[in-house]
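In: Provide a 3D model corresponding to the input given below.
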Amino acid sequence: QVQLVESGGGLVQAGGSLRLTCAASGRAFNTYAMGWFRQAPGKEREFVATINWSGGTTAYGDSVKGRFTISRNNVQNTLYLQMNSLKPEDTAAYYCAASRSLSTIVREYGYWGRGTQVTVSS
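Out: Sure, this is the predicted structure:
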């Protein structure tokens, strides 16, 4: 089992940057694929990015490709999401999640954090 806590959200102007952090505790963080998802009010939870257990493979949602970068530190049990060139449509609650395999699908992630809010003003 793994427990996840996100941080780093906040209010930023369009074009700005934020770095989200997900701190993991519990067993064997380095055996899980990790993902970032986001959910805006009234919308479904959306895939943002995923990374395999070693950090050697990543994938991104089309709306964030070229702007966001996912990374992990298995020594510090931490997952990151660097977000650049932010747009108002990036406004959402951002969640980190853990899965036994690399996936872009919400239901394949068994462990979730409580989320951190990102608001991008125009």
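In: use CA for all of it now, contacts and neighbours both
Out: OK.
In: distance between stretch 66-85 and the chain's centre?
Out: 8 Å (CA atoms, centre = their mean, to the nearest Å).
In: so residue 103 makes contact with residue 50?
Out: Yes - with contact defined as CA atoms under 8 Å, residue 103 reaches residue 50; the gap is 6.9 Å.
In: between those two, which one's more packed in?
Out: residue 50 (30 against 21; other CA atoms under 10 Å).
In: Roughly how far does the more buried one sit from residue 12?
Out: Distance of residue 50 to residue 12, given as CA to CA, to the nearest Å: 23 Å.
In: Same question for residue 53.
Out: 31 Å.
In: Neighbour count: those two, which is higher?
Out: residue 53 (21 against 18).
In: Report the separation between that one and residue 74.
Out: For residue 53 relative to residue 74 (CA to CA), the value is 8 Å.
In: Could you pull out the strands in this protein for me?
Out: 2-7, 10-13, 18-26, 33-39, 46-51, 58-60, 68-73, 78-83, 92-99, 111-112, 116-121 (DSSP state E).
In: so for the longest one, what's the average pLDDT?
Out: Along strand 18-26, the predicted local confidence has a mean pLDDT of 95.
In: Just want the angle from that strand to strand 116-121.
Out: 170 degrees (axes from the mean of the first three to the mean of the last three CA atoms, to 10 degrees).
In: helices or strands up against strand 18-26?
Out: strand 2-7, strand 78-83 (3 or more CA pairs under 8 Å, 6 or more residues apart in numbering; DSSP states H and E).
In: which one of those lies closest to residue 60?
Out: strand 78-83 (11.1 Å; CA to CA).
In: Identify the residues contacting residue 50.
Out: 33-36, 58-60, 70, 102-104 (CA atoms under 8 Å, 6 or more residues apart in numbering).
In: ok, the nearest residue to it once chain neighbours are set aside - how many residues close by?
Out: Counting by CA to CA, 6 or more residues apart in numbering, residue 35 is the residue found nearest to residue 50 once chain neighbours are left out, at 4.1 Å. Using other CA under 10 Å, residue 35 has 31 other residues around it.
In: mind pulling up the phi and psi values for residue 85?
Out: phi 50, psi 50 (degrees, to the nearest 10).
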